[in-house]
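Asker: sequence unavailable; structure follows:
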């Protein structure tokens, strides 16, 4: 997903999309562990997309969207 598309999403849509991307990423990694993917670069693409989404959420939090609850602190607790 391109950065421009991510910026156009609302915060709620962005969070929902982030959850879906993470689920797809975990499925992809699991499938790759069981049997090699035809195109393993998809894993990196998902990682980069997830990072872009986190970056956009963080930018919105810094630049003043008051209704954003920071989820980055929860990330360290989940393992």
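Answerer: Thanks, I have the structure now. No experiment lies behind these values; they were computed from the predicted model shown.

Asker: longest helix of this protein, counting residues only.
Answerer: helix 11-34 (DSSP state H).

Asker: next secondary structure element downstream of it?
Answerer: Sequence-wise, the next helix or strand downstream of helix 11-34 (DSSP states H and E) is helix 41-62.

Asker: any idea of the angle that next one forms with helix 11-34?
Answerer: Compare the direction of helix 41-62 with that of helix 11-34 by axes from the mean of the first three to the mean of the last three Cα atoms, to 10 degrees and you get 150 degrees.

Asker: and the residue nearest the centre of this protein?
Answerer: In the chain, the C-alpha closest to the average C-alpha coordinate belongs to residue 50, at a distance of 2.5 Å (Cα atoms, centre = their mean).

Asker: tell me who's in contact with that one.
Answerer: Contact analysis of residue 50 by Cβ atoms under 8 Å, 6 or more residues apart in numbering lists 18, 21, 22, 25. (C-beta placed from N, C-alpha, C; glycine too.)

Asker: for residue 6, see how far away the residue lying farthest from the centre of the chain is.
Answerer: In terms of distance from the mean C-alpha position of the chain, residue 35 ranks first, at 24.0 Å (Cα atoms, centre = their mean). Residue 35 sits 31 Å away from residue 6 when distances are taken as Cβ to Cβ, to the nearest Å.
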